[in-house]
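# this one's sequence-less:
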C-alpha cells in the first residue's frame with residue numbers, strides 16, 4: 001500500500017471517529033442540562049444509534065454494494081450529515097432536536113461499514129495493514145474529547161450552564177463537511193456486487209441463523225444481546241454522571257477508556273492462548289460488574305480514583321467481550337457465511353440489545369431522579385452491575401469452553 005493511500009485512509013478514519021466522539025460522548029449531559037430532557041427522552045436520542053444500526057444494512061446492501069462507489073456514498077452521507085449536525089446545533093428544544101439526531105444516525109451508521117470497505121479494498125494484506133489505519137479512528141475519538149475539555153472547556157460547570165456544549169455539534173458539523181469533501185478524493189472503491197440480484201436474507205444475514213442451532217453459539221448470541229443492556233447505561237449516563245458529581249474535565253477523562261481499549265486489544269491474543277475463549281468473555285463481563293460498582297460507590301473527592309479505574313476498565317469491558325465475540329463469530333461461521341454472521345451479531349447487539357438497553361437506562365434514570373434535578377447515582381449504577389453479574393453467571397453455567405483455531409487468534 002502506497003504511503004499516500006495510507007495517509008488518505010488514516011485521515012478518513014481520524015475524521016470518521018472524531019465526528020462521532022465529538023458529540024455522542026457529551027450528548028446525555030447536553031440534553032439534561034440544556035434541553036431539559038427527561039431520562040426517557042435522553043434514551044430516545046441515544047436509541048437513534050440502534051435504529052441506525054438496524055437500517056444500515058439496507059443502505060449498504062441495497063445501494064453501496066450494487067450501484068455506486070463507496071467513497072462517493074461516504075462523501076454524500078457526510079455532507080448531508082454536516083447539515084443535520086448544524087440543525088442539531090441550532091435546535092432550541094428536544095422536540096426539534098430529535099428528528100435531526102434520528103436522521104443523522106440513520107445516515108451515519110452506514111458510514112462505519114463504508115470506511116472499512118474502502119480501507120480493505122486498497123489493502124494487499126488487510127490482516128496486517130488494517131489495524132495501523134483503524135488506530136487513527138481511536139486517536140480521533142480521543143482528540144475530540146481532549147478538545148472539548150482541555151482546549152475549549154465546554155464541559156466545565158459554568159460553560160455547561162451557559163449552553164456551551166451546543167458548540168460540539170458545530171465543531172463536528174464542520175468536520176463532517178471536511179470529510180464529505182475529502183471523501184471524493186479517496187481511492188476509487190467500486191460496488192462489490194454490481195449487477196447481482198438483491199436478496200433480503202443476504203442483507204439481514206439470515207443465512208447465519210443456522211449457527212444458532214449450536215448450543216454454545218446460541219448461548220453466546222443471547223448473552224451478547226443481554227450484555228448490551230448494561231453497556232447502554234455507560235454510553236447514556238457516564239458523562240452526565242461524571243459532570244453531575246463534579247469531576248474536572250469529564251470528557252477528557254473519559255478518553256482514558258479509549259486509551260485502555262487500544263492497550264487491552266494488544267493483550268487479547270495472550271488471554272485467548274492462556275485462558276481460552278470462555279474465561280476471556282467472563283473477564284469482560286466481570287469488568288462490567290466492577291466498573292458499575294466503582295461508579296456506584298466512588299465520588300469526585302477522595303474516592304475519585306474509583307471513578308478513574310471504572311473508566312479505565314473500558315478496555316477489558318469492550319475488547320474482552322465484543323472484540324472477542326467478533327473473533328468467535330468469525331471462527332464459527334466459516335468463509336461462506338462470515339459476513340452474514342458478523343452482520344447478524346451487529347444487528348442483534350448494536351440494534352436490538354442497545355435499543356432495549358437505552359430504554360431501560362432512561363427508565364431507571366427517571367426512577368431515581370431527585371426533586372432538585374440531581375440523580376441517585378448509587379442506585380442507578382447498581383442496576384447494570386447486578387444485571388451484568390446475572391448474565392455472567394448464566395453464561396458461565398451454560399456455555400461449554402471450546403478452543404478457537406490458531407489462525408483466528410493470530411488475526412486479532
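In hand now; what should we look at? What you see is a predicted model; the values in this text were computed from it and never measured.
# Please count neighbours and contacts with C-alpha atoms only from this point.
Fine.
# Dihedrals phi and psi, the closest residue to residue 245 other than its chain neighbours?
Closest residue to residue 245 apart from its sequence neighbours, by CA to CA, 6 or more residues apart in numbering: residue 300 at 6.1 Å. The phi/psi pair for residue 300 (degrees, to the nearest 10) reads phi -90, psi 0.
# same deal with residue 369?
According to degrees, to the nearest 10, residue 369 has phi -90, psi 130.
# ok, now residue 368?
Torsion angles, degrees, to the nearest 10, at residue 368: phi -110, psi 40.
# Could you name the helices and strands sitting against the strand or helix carrying residue 50?
Element membership of residue 50, judged by DSSP states H and E, is helix 39-59. Here helix 39-59 touches helix 27-34, helix 94-122, helix 200-204, helix 215-244, helix 354-367, going by 3 or more CA pairs under 8 Å, 6 or more residues apart in numbering; DSSP states H and E.
# The residue nearest to residue 245 and residue 33, how far apart?
Noted for residue 300: a distance of 19 Å to residue 33, by CA to CA, to the nearest Å.
# just to revisit the earlier point, for the helix holding residue 50, give me every contacting residue.
Outside helix 39-59, the residues within contact range by CA atoms under 8 Å, 6 or more residues apart in numbering are 28, 31-32, 94, 98, 101-102, 105-110, 203-204, 236, 343, 346-347, 350-352, 354-355, 358-359, 361-366.
# Just the buried ones from the residues you listed?
28, 31-32, 94, 98, 101-102, 105-110, 203-204, 236, 343, 346-347, 350-352, 354-355, 358-359, 361-366 (16 or more other CA atoms under 10 Å).
# How confident was the prediction at residue 405?
According to the prediction, residue 405 has pLDDT 57.
# Pull out the buried positions in stretch 43-59.
Buried positions in stretch 43-59, judged by neighbour count with 16+ other CA under 10 Å: 43-57, 59.
# whoops, stretch 85-93 was the one
For stretch 85-93, a neighbour-count test (16+ other CA under 10 Å) marks 85-89, 91 as buried.
# so can I have CSV of the residues you listed showing pLDDT and secondary structure?
Shown next, in CSV, are those (pLDDT from 0 to 100; DSSP: H, G, I helix; E, B strand; the rest coil):
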residue, pLDDT, secondary structure
85, 98, helix
86, 98, helix
87, 98, helix
88, 98, helix
89, 98, helix
91, 97, coil
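# can I get the residues you listed in JSON lines with distance to residue 217?
Formatted as JSON lines, the buried residues of stretch 85-93 follow (distance: CA to CA, whole Å):
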{"residue": "85", "distance to residue 217": "39"}
{"residue": "86", "distance to residue 217": "43"}
{"residue": "87", "distance to residue 217": "43"}
{"residue": "88", "distance to residue 217": "41"}
{"residue": "89", "distance to residue 217": "43"}
{"residue": "91", "distance to residue 217": "44"}
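# Alright, that wraps it up for me.
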